[in-house]
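Student: sharing a model that was predicted from the sequence below.
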Amino acid sequence: MNLKTLKNLCFSLALLLSSSVVFGQQGTVVINQQPEISTLLELKKEINIEEEDNDRYKIQIYSGSRQEAESVENNFDSTFNSWSSKLEYETPNYKIWVGSFRTRLEAERALIKIKKKFPNAFIFKPKKKSN
């Protein structure tokens, strides 16, 4: 074995032995930011929640009379607080629409939970309203 190969072997062995003993460190991360940034982030979250975008998925849990729709909506609101519900009127029925999901996968995850209480629920995308 030549000297270069021996040095490489010793270095590799030393590296292997030293890497087997690793000590974890604990620390604290402090984030310094202007308070306006937090305010802006909260405002953006509210805008995203309130945003009525026709390109989002919704879940319909009921279609029928107004009185029954209001009852179903109250039942939904008392059972689920993760998603907002909305009473919509499409002639001749009142409908309860739930949530505003960006992706189909997000809507499907919610549908699994909602169907336990409202078995006729289904996912859809509202038609775009013309101005």
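Tutor: Now that the structure is in, tell me what you want to look at. Residues are numbered from 1 along each chain as shown.
Student: where exactly do the strands run in this protein?
Tutor: Counting by DSSP state E, the chain has strands at residues 57-64, 85-90, 93-101, 122-124.
Student: quick one: buried residues of the first one?
Tutor: Judged by neighbour count using 16 or more other CB atoms under 10 Å, the buried positions of strand 57-64 are Y57, K58, I59, Q60, I61, Y62, S63. (C-beta placed from N, C-alpha, C; glycine too.)
Student: what's the angle from it to strand 93-101?
Tutor: Relative orientation of strand 57-64 with respect to strand 93-101: 160 degrees, computed using axes from the mean of the first three to the mean of the last three CA atoms, to 10 degrees.
Student: mind giving me JSON lines with the strands of the chain and columns for distance to S38?
Tutor: Putting the strands of the chain into JSON lines (distance: least, CB to CB, whole Å) gives the following:
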{"stretch": "strand 57-64", "distance to S38": "30"}
{"stretch": "strand 85-90", "distance to S38": "29"}
{"stretch": "strand 93-101", "distance to S38": "24"}
{"stretch": "strand 122-124", "distance to S38": "34"}
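Student: now distance to S71 too, for the buried residues of strand 57-64, in CSV please.
Tutor: Listed next are the buried residues of strand 57-64 as CSV, based on distance: CB to CB, whole Å:
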residue, distance to S71
Y57, 25
K58, 20
I59, 18
Q60, 16
I61, 12
Y62, 9
S63, 14
